[in-house]
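[1] Build me a structure from this.
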Amino acid sequence: MNQIHGHEVMRMMVASGQTYTRETLHAAILERFGPEPRFHTCSMQGMNAGELIDFLAAKGKFVIEGQGFATTSEQICDHE
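    Numbering: from 1, shown residues only. Coordinates of the predicted model:
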C-alpha cells in the first residue's frame, strides 16, 4: 500500500494559508489525496485522515488561530 507522509498534509496546510477546523482539514485532505488515503509519519503507519489529524494534534503540530488551527513550516521536521 502506498502511504503518504504526514509532512505532505502539513505542507498542504502551510501552502493554503488557511485556518482549519478538524472537519475542514479532514475534507481538505480527502479532496487533495483522494477518498481513502493512508498516511505514515516518522513513528506511525497506516493511519487514515482522522487518525493523522489526531496524531498531529497530539504531537503539538497545530497552532491555534482564532476559532481553528493552522501549522507552520517550523513544525515540519526535516527527516522523512
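[2] Near M10, how many other residues are there?
    Other residues lying near M10 total 22 when counted by other C-beta atoms under 10 Å. The C-beta positions use only the backbone N, C-alpha and C, and glycine is treated the same way.
[3] OK, contacts around the nearest residue to R11 once chain neighbours are set aside?
    Of all residues beyond its chain neighbours, the one nearest R11 is I76 (6.8 Å), with distances taken as C-beta to C-beta, 6 or more residues apart in numbering. Applying C-beta atoms under 8 Å, 6 or more residues apart in numbering, one finds that I76 lies in contact with H7, M10, R11, V14.
[4] Helices - which of the residues you listed land there?
    The helices, defined by DSSP state H, take in H7, M10, R11, V14 from those.
[5] Identify the farthest-apart pair in those residues.
    Among the ones in helices among the contacts of I76, the pair separated by the greatest distance (C-beta to C-beta) is H7 and V14, at 10.2 Å.
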